[in-house]
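Visitor: Starting from these lines, generate the structure:
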Amino acid sequence: PPGHVLPVVEPRQAPPRAAPGTRATGDVMGVPVRVQPETREAPNAVPSVTPTPEGDFWQSVVQQLVEREAVTALVRELALQAQLVAQDEGHWMLRVERESLNQPASRERLRAALQAAGHAVDISVEVGPITDSPARRNAQAAAQRQQAAEQIILNDPFVQQMQRDFGAKIVPGSIKPIAKHRT
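Guide: Purely as a prediction, here's the structure:
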C-alpha cells in the first residue's frame, strides 16, 4: 500500500544460502517507498461555441464539401477550422486562429470547391480568434454524445447492481458513444 515502509535486506554481506523452502536470515532495515501520484486523464476541454447565423450556413456548406470529398487535407482543415464572419454578394470573409491554415494554395482550392458546389464567391481569410467553426461544432456534438453514453451506462440498473454487489468499477475512458453510420 502507498506510504508503507517495506523491509529490505541490508547488503553488507552476501546472505548465506537458505535451504529450499526455508527463509534466509539477515539484517533487515526499513526503507520508505515513494508513492507515485495516481495518473488521471484530464478531460479534453471542448472549445465553446457561440452559434451565429453565418455559422449555421457555413456548417452546412462545409459538411456538404466534406461528405462529397470535395476538400481534403489542408483545404479540409481550412474549411473545418474557419469561421464565416462576413458574407457579401460575391465575397466571403473567413477567420482562422492559426496562420498555418491561411495559405494561398489552400484558399484557392477551397474557392474552387465552393464554386463547384454552386457558391461562386471569392474568399479572403484573416487570422484571429474564432467562436463558431464546423470543427468546434463537431467537437461539441461529440462531447455531448460522449456525456450521454456515460450517463446511460452510469444510470443502468444492472451496472449499478454490479457496482454495489461486487465492487465493479467502470474503467475511465472505456465508455464510447455508438458511432453514427450513414446509410
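Visitor: give me the low-pLDDT residue ranges for the chain?
Guide: When residues are selected by pLDDT under 70, those of the chain lie in 1-44, 180-183.
Visitor: mind listing the helices for it?
Guide: Taking DSSP state H as the test, the helices found in the chain are 53-67, 73-81, 104-116, 134-154, 157-166.
Visitor: wait, which of the ones you listed is closest to Ile178?
Guide: helix 134-154 (7.4 Å; CB to CB). Any C-beta I mention is one placed from the backbone N, CA and C, and that applies to glycine too.
Visitor: counting contacts, what elements does that closest one pack onto?
Guide: helix 53-67, helix 73-81 (3 or more CB pairs under 8 Å, 6 or more residues apart in numbering; DSSP states H and E).
Visitor: Of the ones you listed, flag the one that's most buried.
Guide: Comparing the helices and strands packed on helix 134-154 by mean neighbour count (mean count of other CB atoms under 10 Å), helix 73-81 comes out on top with a mean of 19.
Visitor: Which secondary structure elements does it sit against?
Guide: The helices and strands touching helix 73-81, judged by 3+ CB pairs under 8 Å, 6+ apart, are helix 53-67, strand 91-96, helix 104-116, helix 134-154.
Visitor: got the buried residues for the second one?
Guide: It refers to strand 91-96. By 16 or more other CB atoms under 10 Å, the buried positions in strand 91-96 come out as Trp92, Met93, Leu94, Arg95, Val96.
Visitor: Can you lay out the residues you listed as CSV showing distance to Asp156?
Guide: CSV is the format used below for the buried residues of strand 91-96 (distance: CB to CB, whole Å):
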residue, distance to Asp156
Trp92, 47
Met93, 48
Leu94, 44
Arg95, 43
Val96, 42
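Visitor: End to end on stretch 116-133, go ahead and measure it.
Guide: Terminal residues of stretch 116-133 lie 22 Å apart, using CA to CA, to the nearest Å.
Visitor: which residues are in contact with it?
Guide: 48-52, 54-55, 58, 61, 64-65, 68, 70, 78, 80-83, 85, 90-99, 101-102, 107, 110-111, 114-115, 136 (CB atoms under 8 Å, 6 or more residues apart in numbering).
Visitor: Could you pull out the buried residues of that stretch?
Guide: Quick answer for stretch 116-133 (16+ other CB under 10 Å): Ile123, Val125, Ile130, Asp132, Ser133.
Visitor: so how far is it from its chain's centroid?
Guide: Centre-to-centre, stretch 116-133 and its host chain are 25 Å apart (CA atoms, centre = their mean, to the nearest Å).
Visitor: Out of the helices and strands packed on helix 73-81, which is closest to Met162?
Guide: Closest to Met162 of these is helix 134-154 (CB to CB; 11.0 Å).
Visitor: now the closest one and helix 73-81, what's the angle there?
Guide: Helix 134-154 runs at 70 degrees relative to helix 73-81, counting by axes from the mean of the first three to the mean of the last three CA atoms, to 10 degrees.
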